[in-house]
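A.B. asks: heads up, no residue letters with this:
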């Protein structure tokens, strides 16, 4: 699916900023590689132009929706806080647009690593059975290995265009967001150049991936113990003891300060904390 930065309308609207964005490229030397490894089809200048366009749009929208009404009603002297909010929101949007490629690259790497072990086992079986490497890649591309099948399809397409398979594998290794896939492709290249057994190299990488997955599961289990303790403290023990203490204090200082509204605020805060905590634990779970 085409991302916001790659949409034709966005590229057309941000086109006047491309030349200026080219002067910013030295400030972001890794942007080009991040975009390629994130599977973007635009270069760094185009992406920076889109980033500037989105940032300026957010700035003018915030200025029109927040700063202008406050300045009109209360005057410029009373609108400094709103101006700071506008600048802050604009800065956050600029930083967000800059880190999107890295986030997408990390997400794509996790998706690749999830299917890579099974793909390597399939390749190992086929190569051991005497199937040529190119035919093995064709079978993997037709398989259901998600992003791994898509990468194999790109490799086949470039080889069919007349490129050397070692050069294509080397290039795809550079463009891979997954460290293990990069190591896999380069191991295949080294095996092809040295004439060694490709299946044995794939077996070693597959073993490393399996061991890392086991270590991630063990580490996640240990983290869950700490997370469970934090949850019990912040969501069960402290609220229950705090509410009990508030009830006792209300009998001494009166109900003016401690009333029903305060308890509803505590309830809302607990619900928000539990939602954030569940989301945090879910994101920490290994994607294997």
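C.D. replies: That came through fine. Remember, it's a predicted structure, so these values are computed and weren't measured experimentally. Numbers count the residues shown, from 1 in each chain.
A.B. asks: the protein - how does it break down into domains?
C.D. replies: In terms of domains, the chain is parsed into 4-106, 111-210, 214-284 (source: automatic domain parsing).
A.B. asks: and the shortest one, what's its mean pLDDT?
C.D. replies: Across domain 214-284, the average pLDDT comes to 80.
A.B. asks: against residue 18, how distant is residue 141?
C.D. replies: To residue 18, residue 141 is 35 Å away according to Cβ to Cβ, to the nearest Å. Where you see a C-beta, it was placed from the backbone N, CA and C, and this is true even at glycine.
A.B. asks: sorry, that was for residue 147
C.D. replies: 30 Å.
A.B. asks: who has more neighbours, these two?
C.D. replies: Taking residue 147 and residue 18 together and counting by other Cβ atoms under 10 Å, residue 147 has the greater number of neighbours (22 against 16).
A.B. asks: wait, that one sits on residue 110?
C.D. replies: No: counting by Cβ atoms under 8 Å, no contact exists between residue 147 and residue 110, whose distance comes to 9.8 Å.
A.B. asks: pLDDT below threshold where in the chain?
C.D. replies: 1-2, 76-79, 253-260, 287-288 (pLDDT under 70).
A.B. asks: and the helices in it?
C.D. replies: In the chain, the segments counted as helices under DSSP state H are 8-13, 18-24, 31-37, 44-62, 68-74, 80-128, 133-142, 147-160, 165-175, 179-194, 198-231, 238-253, 260-284.
A.B. asks: for the third one, which outside residues touch it?
C.D. replies: Meaning helix 31-37. Contacts of helix 31-37 with the rest of the structure, by Cβ atoms under 8 Å, 6 or more residues apart in numbering, involve 25, 42-44, 47-48, 101-102, 105, 108, 175-177.
A.B. asks: for it, which positions count as buried?
C.D. replies: Under the neighbour-count criterion of 16 or more other Cβ atoms under 10 Å, helix 31-37 has 31-32, 34-37 buried.
A.B. asks: residues in contact with the residue sitting furthest away from the middle of the chain?
C.D. replies: When distances are taken from the C-alpha mean of the chain, residue 252 lies farthest, 52.1 Å away, according to Cα atoms, centre = their mean. Contact criterion Cβ under 8 Å, 6+ apart gives no residues in contact with residue 252.
A.B. asks: need the contact list for the nearest residue to residue 128 once chain neighbours are set aside.
C.D. replies: In space, and not counting its chain neighbours, residue 128 is closest to residue 199: 5.0 Å by Cβ to Cβ, 6 or more residues apart in numbering. Neighbour list for residue 199: 123-124, 127-128 [criterion: Cβ under 8 Å, 6+ apart].
A.B. asks: same check, this time on residue 58
C.D. replies: Listed by Cβ under 8 Å, 6+ apart, the contact set of residue 58 reads 89-90, 93.
A.B. asks: what is the nearest of these to residue 272?
C.D. replies: Out of the contacts of residue 58, the one with the shortest distance to residue 272 is residue 89. That distance is 21.4 Å, counting by Cβ to Cβ.
A.B. asks: correct me if wrong: that closest one contacts residue 62.
C.D. replies: Yes: Residue 89 is within contact range of residue 62, at 5.5 Å (criterion: Cβ under 8 Å).
A.B. asks: quick one, which of those two is more surrounded?
C.D. replies: It is residue 62, of residue 89 and residue 62, that has more neighbours when counted by other Cβ under 10 Å, with 20 against 16.
A.B. asks: close enough to count as contact, that one and residue 91?
C.D. replies: No: when contacts are counted by Cβ under 8 Å, residue 62 is not listed as touching residue 91 (11.2 Å).
A.B. asks: please tell me how far residue 192 sits from residue 209.
C.D. replies: With the distance defined as Cβ to Cβ, residue 192 ends up 21 Å from residue 209.
A.B. asks: neighbour-wise, which of these two wins?
C.D. replies: Using other Cβ under 10 Å, the more surrounded residue of residue 192 and residue 209 is residue 209, with 19 against 15.
A.B. asks: what residues are up against the more buried one?
C.D. replies: Under the criterion of Cβ under 8 Å, 6+ apart, the contact partners of residue 209 comprise 113, 116-117, 120, 180.
A.B. asks: in TSV: the residues you listed, plus neighbour count and distance to residue 241.
C.D. replies: Formatted as TSV, the entries for the contacts of residue 209 read as follows, by neighbours: other Cβ atoms under 10 Å; distance: Cβ to Cβ, whole Å:
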residue	neighbour count	distance to residue 241
113	22	44
116	23	48
117	20	47
120	26	53
180	19	48
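A.B. asks: now flag whichever of those residues is closest to residue 151.
C.D. replies: Out of those, the one with the shortest distance to residue 151 is residue 116. That distance is 10.0 Å, counting by Cβ to Cβ.
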